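Trainee: quick check, what structure comes out for this input:
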Amino acid sequence: MCTSHIVQRGNDGHTCFFEEENYLFYLHCLDEACKRYGVAVHAYVLMTNHAHLLMTPSDERGVSRVMQLLGNRYVQYVNKRYGRTGTLWEGRHKASLIDAEG
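Mentor: Predicted structure coming up:
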């Protein structure tokens, strides 16, 4: 399978990671989702208002499944922790295939 560069942005450029604990919970959820769906994470960068992930799935639906589970769990966590409602992410994640031959 091809490696993908994934970008997940906070809605309207707003903050989605408010404190260190948030980053740790996101990474914990990412790890669990990747193990569940057979996706390897090669690198990540978590900014205050977005995340970059470099991942290789074991099947064609792996990345989408990981991002759906990760997004849902993290939004539920943030909304409960900070007493908020609604969306956190700016729609669906963006994915770009990485050319391993180039």
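Trainee: the helix or strand of the chain with the lowest mean pLDDT pairs with which strands, parallel or anti?
Mentor: One helix or strand of the chain scores below all others by mean pLDDT, DSSP states H and E: strand 94-97, with a mean of 94. Strand pairing for strand 94-97, using DSSP bridges, gives strand 4-9 (antiparallel).
Trainee: buried set for the top helix by length along the chain?
Mentor: If you go by DSSP state H, the chain has its longest helix at helix 62-82. If you call a residue buried by 16 or more other CB atoms under 10 Å, then helix 62-82 has these buried ones: 62-67, 69-71, 73-75, 77-78. The C-beta positions use only the backbone N, C-alpha and C, and glycine is treated the same way.
Trainee: now do stretch 49-57
Mentor: For stretch 49-57, by 16+ other CB under 10 Å, it's 50-51, 53, 55-57.
Trainee: chain center to stretch 71-78: distance?
Mentor: 10 Å (CA atoms, centre = their mean, to the nearest Å).
Trainee: and what of stretch 82-92?
Mentor: Offset of stretch 82-92 from its chain centre (CA atoms, centre = their mean): 14 Å.
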